[in-house]
Structures are given as structure tokens and as C-alpha cells.
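>>> Next comes the sequence, and after it the predicted model I'd like to discuss.
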Amino acid sequence: MSSGRRRLTAWIVLAPWAAWALVRGLGLERGYPLVPLLALTPYVTVLVVVPLAAALLLRQRAAGLAALGVAAVLAAGVAPRGVPSRTAALDGPELRVLTANLYYGRADPRALVDLVRRERVDVLSVQELTPAARDALEREGLTVSLPYQHAEAEAGASGSGLYARFPLAPLPQVPSSSAFAMPRAGLDIPGAPALEVVAVHPPPPINAESVRRWEHDLAGLFPAGAAKPLRILAGDFNATLDHRELRRLLARGYRDAAAASGAGWTATWPRTGTRLPPPVTIDHILIDRRATPGRVTVHDLPGSDHRPVLAEVGLPSSPSQAGGRGANAAAPATTRRRRDPPRRALGRSLRSRRRSHSPADSAARSTSSSSPLMKWASTPLPSGSR
């Protein structure tokens, strides 16, 4: 092969990775199919060895240096989520937050309740909560461990709900352009400031229209900040940290608990060992930057196509610590209270006052739109990129 052909071949091989790095680095993804494709960025980053190897084999120094630059750009976006960040410990209570997508309500309710009880969960966000799944979770004893709830169970994949160990005060729902419910509630935690939690579930970006709705719903999530209540967003975001919309949300006062703890590389969907689509991380717990991320673990849930994510969250102490109650009002009548939660004195960590409860949870999922598995699996991806 002539020198000119070797040079041209090296640059042609590098071009797709260079274009991907440009789109990812500058947040240029627009519409379908670029948005769902961006979820594959970690795999593209690993495969950047291909243009590097081609440049070496073809003895093209300029192309090799350019490939190194492309690799650096891609790695700069992906590598930090696997490295724990240093954060100062706070003097308030610790909250254990779990998010689980129930795959049209098909997830095993007993397995979910067992997980809640075993991990001493304080707040549970569930997506794709159907009426049947809600009832099954209650039969398994979810509302014994988490007696307060603000649930919007619906058929299909559009239902979501919040369950908590402490009183929940339902708040106006997050504005949504789709049928997907995103319940929002104030949480009254002794020793902590006013806190809001949202069960997040925008529609999956599987076509041009759903991409617009996905962008709208992520943009509609409320920002965090000093003049606002402490906020936690937990759910199936149908987005990875490589998506511009999720990075914009993080820039509005949040941090990803998994990435901050060094667990950001762990995939959450699809759970089963399917080859296509490859596993990606679309379930997240975003915490207010005034809170401190602790250990994050990812679990299996039989019957679901997602893996639940559990995060320990350190909260600042309430300005009126002596009062013993948070700033949120007690749960109104619309919050269903099954049994009084433990009322022992709250120390530095909530774990010191938890007591074990018996039953196990049930799962639910809903909506005529498919779950991320069905939705993202329908995304046509180039044969070489999956």
C-alpha cells in the first residue's frame, strides 16, 4: 500500500471516533437516533484502541496522535464516574434511598420487600407501578417497613410511587409532556432540613417525538440550591451521564450518587444477559450538592429488566436541630399511613434507630409505552456499535 493510501486509511478509521468525541464533548446530540446512541459512549471509549492500533500498524504518526487526543476526550467524560470523590462528612442523619423499576409491575414483590427490609431502606422510588403491583407490594408488607406512601399506580409503564419510613407530604407533580407520572413529596425527617424527593421516569427516547418529550421532562425537574429545599431525584431517567440533558440537570445543583462514590460504571439496564442492547446505566439517584453521597450498591430484582440502585445519603442537620422535626409539614390525609414508624431517638445516623420489619415488597410497572428494555431495545443501532 502506498504512503498516501496508508495515511487516508488511518484517518478514515479514526473519523467515527473523532465525530463521536466531538458530539459527546460539546453536547451536540440532537434528536433520534443520536440521543439513544450516546448511551453507548463507554463502549466507544474502550474501542478507541481500534484507530490507535490502525495508526500504529500503518505507521501514521499524525493519525496516531490524533487518536490519542480523541481517546483523552472520551476518557475524560467516562473515567471520573469510576473514581470516588472526596466529600466532607455532615452532622445530620443518614438516609438510605432505593430506586427500582418494576417492569410493568412484573418484578417479584417479595424480593423487593426483602431488599427494603434487609438494606433498611428509608425511601423507595418505584417506576412502572401498576395497581396490581401496588396491591402485591402491600400484601407482602411493604407498608409495614415504609408506612407512608404517595403512589400513582397506573396500567402499563406510566405509574410511579414513593414509599417512606417518615411522613410524606404530597406536592404538585413535576410537569410532564407525557403520560409518565413523576410523583413529588416533602419528607419529614427528624434532625434534617426540609427535604423533597421525586420519583423520576421520563419517557424513553425511542423516536423523534419521544426524544422531545424526554428532553422536556428532564428539563422540567426542579433545580437544587441554597434558597430551595434539599432535593433528591431517584428513578429511571432513561439517560446516562453521557447525555447532555442529564449533565445539564446535574449542573443545576445535583450530583450523581453512584458516580460520586465510584460506582458509576455499574450498568442498571437491561438486567438479563442479553447481547443487544449492551448494558447501560440509566437508573440514578441524584442528590442535592448540600448532601453527601455515601456507599452506592446495585442489586438484582427477579422479574424486572432493571437493577435497583441503593444509595446512602448524608444530610446536613436542621437549623433547629433541637426541635427534632424537619421543616416539612406532617403528611396530610392524601398520604396513606399504614402503621406508625419507629419513634426512637434519632442520633447521627438513622441506622441507629431502625428496627427490622417482616414482610417483603412487591413490584409494579405500568403504561402503554414500553419499559426502557422494550423501548431502548427497539432503537436501531449500527451492527458494529452494540
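Cool, got the structure.
>>> Pull the residues that contact stretch 70-79.
For stretch 70-79, contacts defined as CB atoms under 8 Å, 6 or more residues apart in numbering pick out 14, 17-18, 20-21, 24-25, 41-42, 44-45, 48, 51-52, 241-242. For the C-beta atoms, the positions are set from N, CA and C on the backbone; glycine is no exception.
>>> what's the pLDDT at Leu350?
Looking at Leu350, its pLDDT reads 42.
>>> how much space between Pro223 and Leu241?
18 Å (CB to CB, to the nearest Å).
>>> let me redo that: Gly82
Gly82 is 11 Å from Leu241, by CB to CB.
>>> Val197 now?
21 Å.
>>> ok, those two, which is more surrounded?
Val197 (27 against 22; other CB atoms under 10 Å).
>>> correct me, but the more buried one touches Ile232?
Yes. Val197 is within contact range of Ile232, at 4.8 Å (criterion: CB atoms under 8 Å).
>>> Overlap in contacts, these two.
By CB under 8 Å, 6+ apart, the residues touching both Val197 and Ile232 are Val97, Val123.
>>> Name the residues contacting each of Gly82 and Leu241.
With CB under 8 Å, 6+ apart, Gly82 and Leu241 have common neighbours Gly264.
>>> Which residues are in contact with the closest residue to Asp242 other than its chain neighbours?
Of all residues beyond its chain neighbours, the one nearest Asp242 is Thr41 (4.0 Å), with distances taken as CB to CB, 6 or more residues apart in numbering. By CB under 8 Å, 6+ apart, Thr41 lies in contact with Trp20, Arg24, Leu74, Gly77, Val78, Thr240, Asp242.
>>> which ones are touching the last one?
Asp242 makes contacts with Arg24, Leu38, Ala39, Thr41, Pro42, Gly77, Val78, as judged by CB under 8 Å, 6+ apart.
>>> ok, the contacts of stretch 70-79 vs Ala260, which is closest?
Leu241 (11.2 Å; CB to CB).
>>> Could you tell me the phi and psi values at Ala151?
As for Ala151, its main-chain torsions (degrees, to the nearest 10) stand at phi -120, psi 140.
>>> and the residue nearest to it when sequence neighbours are not counted, what helix or strand is that in?
In space, and not counting its chain neighbours, Ala151 is closest to Gly161: 3.2 Å by CB to CB, 6+ apart. Assigning secondary structure by DSSP states H and E places Gly161 in strand 160-164.
>>> Show me the beta-bridge partners of the closest residue to Ala260 other than its chain neighbours.
Nearest non-adjacent residue to Ala260, counting by CB to CB, 6+ apart: Pro293, 4.0 Å away. Assessed by DSSP bridges, Pro293 has beta-bridge partners Val313.
>>> What residues does the residue nearest the centre of the chain make contact with?
Against the mean C-alpha coordinate of the chain, by CA atoms, centre = their mean, the closest residue is His284 at 1.4 Å. Going by CB under 8 Å, 6+ apart, His284 touches Thr99, Val200, Leu233, Ala234, Gly235, Phe237, Ala239, Leu246, Asp256, Ala257, Ala258, Val309.
>>> hmm, try it at 10 Å
By CB atoms under 10 Å, 6 or more residues apart in numbering, the contact set of His284 is 99, 200, 233-237, 239-241, 246, 249-250, 254, 256-259, 264, 268, 296, 309, 311.
>>> Among those residues, which are located in strands?
Among those, DSSP state E puts Thr99, Val200, Leu233, Ala234, Gly235, Asp236, Tyr254, Asp256, Val296, Val309, Ala311 in strands.
>>> State the pLDDT value of the first one.
We have a pLDDT of 98 for Thr99.
>>> Quick check: it vs Pro109, distance?
16 Å.
>>> go on, the fourth one?
Ala234 is 19 Å from Pro109, where distance means CB to CB.
>>> For the stretch 251-386 of the chain, give me the ranges with low pLDDT.
The model of the stretch 251-386 of the chain has pLDDT under 70 over residues 273-274, 320-386.
>>> isn't Arg6 right up against Ala62?
No. In this structure Arg6 lies outside contact range of Ala62 using CB atoms under 10 Å: 11.5 Å.
>>> Between the two, which contacts overlap?
Ala55.
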